[in-house]
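Sequence and predicted structure below; questions after.
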Amino acid sequence: QLQLQESGGGTVQSGGSLTLSCAASELDVYAIGWFRQAPGKGPDGLSCISADTTRTYYADSVRGRFTISRDNAQKTVYLQMNNLKPEDTADYFCAAGLLLNRLCGDNMYDYRGQGTQVTVSS
């Protein structure tokens, strides 16, 4: 069973940056996405990257501010987050699926990590 572990969350001031990491027990065949979930709300798909890195997806809310990348040799996917805003505050988790469109288009994933908290203060 695929295991995912996020790291890199924390507290940052508005306008600041953070880089999240998602370490996977195996990675080569999976599309990976980053999601966030605020208290009382459902998960929002933010960004996804295909297994071969040729395709990426960004939600309108983060396009131009967040960048997804992956290093299959290191079995790690990253989310570089710049110009953070208070409304970006949430629990962030990575998730894996075999189909990119289902992962970020339908928020349907086969595996997910436990999440890491990101807090942006104004």
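Received it, and whenever you're ready, just let me know what you need. No experiment lies behind these values; they were computed from the predicted model shown.

Show me what the worst-scoring helix or strand of the chain on mean pLDDT packs onto, helices and strands only.
Within the chain, no helix or strand scores below helix 100, which has a mean of 89 by mean pLDDT, DSSP states H and E. If you count contacts as 3 or more CB pairs under 8 Å, 6 or more residues apart in numbering; DSSP states H and E, helix 100 packs onto no helix or strand. Where you see a C-beta, it was placed from the backbone N, CA and C, and this is true even at glycine.

Tell me the helix or strand right after it.
strand 111-112 (DSSP states H and E).

What strand or helix carries the residue nearest to the spatial centre of the chain?
Residue closest to the average C-alpha location in the chain (CA atoms, centre = their mean): Trp34, at 1.9 Å. Using DSSP H and E, Trp34 maps to strand 31-37.

go on, Gly15?
Counting by DSSP H and E, Gly15 is part of no helix or strand.

ok, it touching Asp88?
No - Gly15 is beyond contact range of Asp88, at 11.0 Å (criterion: CB atoms under 8 Å).

So between the two, which is more surrounded?
Using other CB atoms under 10 Å, the more surrounded residue of Gly15 and Asp88 is Asp88, with 22 against 11.
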